[in-house]
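>>> with the sequence up front, the predicted model follows.
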Amino acid sequence: MTATSPDKPLLKLEGLRKVFLTDQVETHALSDIHMEIREGEFVSIAGPSGCGKSTLLSIIGLLDTPTAGAYTLSGHPVERLKALERARIRNREIGFIFQSFNLIGDLTVFENIELPLVYRGLPASERRQCVLDALEEVDMAHRLNHLPGQLSGGQQQRVAVARAVAGRPSLLLADEPTGNLDSINGEAVMKLLQQLHHRGATICMVTHDARFAGAADRTIHLFDGRIRE
Ligand code: ADP
Ligand code: MG
């Protein structure tokens, strides 16, 4: 992770709303969201299924856009970014970890972690070093030539964590990273996220497992698209 200064806000959401329109039905997925995450914080977002957690994370990760409201990321007003700048910031500043790992099945562990660095235009020798360092960090260096299907769920998620951190993003986003894992593997992945946090990573994690929400410095509770105080 890049060096952090504890009190600086990395991101700020003000009056954020998201409305989905499908077949004449309006779903108010997020309403009047105000929140801030400072550099170096580990924040969890908790709440029941359907309350808007993934929608919020997708907007924070620049994968989706809000219907209304302001989002400031590292001092940039996100709504004013052009598509190319958004893609560039997403690739460089944000690392994603998903519930279902989302590894590419016909690429090796090494190639999966390398791919976002290829898009970034890093030379091969630098890519190799970043991939090997990330694999060491998650204790998976001995599996670099395996395909995802040859690994257990817990191992696949560790590879997904390596992919997310290999490019040294300023923000790590995890959407129910333990949701598809048994409790032992779930705890191992949580321990890994805590280690990354102690080394300076800023993490925003969605979970509906209260045990894991407690691993964070602070929990934001969502209910029906709104933050519950
Ligand atoms: P959570 O992650 O907390 O389970 P989501 O953010 O996935 O919740 O969904 C919040 C609400 O928005 C739900 O009612 C869901 O059905 C709706 N929703 C999410 N994505 C879409 C979409 N692409 N189109 C229409 N409705 C959506
Ligand atoms: Mg979700």
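Yes, it's here. Ligands and ions are numbered 1, 2, ... in the order given.

>>> what residues does the protein put near ligand 2?
Contact residues, the chain versus ligand 2 (C-beta under 5 Å from the ion): 53, 54. For the C-beta atoms, the positions are set from N, CA and C on the backbone; glycine is no exception.

>>> grab the longest helix from the chain for me.
Longest helix in the chain by number of residues, with DSSP state H as the criterion: helix 183-198.

>>> count the neighbours of residue 100 for me.
13 (other C-beta atoms under 10 Å).

>>> ignore the last one, residue 183
By other C-beta under 10 Å, 10 other residues sit near residue 183.

>>> where does it land on pLDDT?
Note for residue 183: predicted pLDDT of 88.

>>> on that earlier part again, report the buried residues of the longest helix of the chain.
185, 186, 187, 188, 189, 190, 192, 193, 196, 197 (16 or more other C-beta atoms under 10 Å).

>>> pick out the most distant pair among those.
Within the buried residues of helix 183-198, two members stand farthest from each other by C-beta to C-beta: 185 and 197, at 18.9 Å.

>>> ok, and the closest non-adjacent residue to whatever residue of the chain ends up closest to ligand 2?
Going by C-beta to the ion, ligand 2 is nearest to residue 54 of the chain, at 3.2 Å. Taking C-beta to C-beta, 6 or more residues apart in numbering, and ignoring the residues beside it in sequence, residue 54 has residue 175 as its nearest neighbour in space, at 5.6 Å.

>>> contacts only, for the one you found.
The contact partners of residue 175, taken as C-beta atoms under 8 Å, 6 or more residues apart in numbering, are 53, 54, 57, 96, 97, 98, 99, 205, 206.

>>> of those residues - the most surrounded one?
Using other C-beta under 10 Å as the neighbour test, those are led by residue 205, with 27 neighbours.

>>> helix or strand for it, which one?
Secondary-structure assignment from DSSP states H and E places residue 205 in strand 203-206.

>>> against which helices or strands is that strand packed?
If contacts are counted by 3 or more C-beta pairs under 8 Å, 6 or more residues apart in numbering; DSSP states H and E, strand 203-206 sits against strand 42-46, helix 53-60, strand 171-175, helix 183-198.

>>> closest to the centroid, which residue in this protein?
In the chain, the C-alpha nearest the mean C-alpha coordinate belongs to residue 173, at 1.5 Å (C-alpha atoms, centre = their mean).

>>> what residues are bridge-paired with that one?
Listed beta-bridge partners, residue 173: residue 96, residue 204 (assigned using DSSP bridges).

>>> how much space separates it from residue 152?
To residue 152, residue 173 is 23 Å away according to C-beta to C-beta, to the nearest Å.
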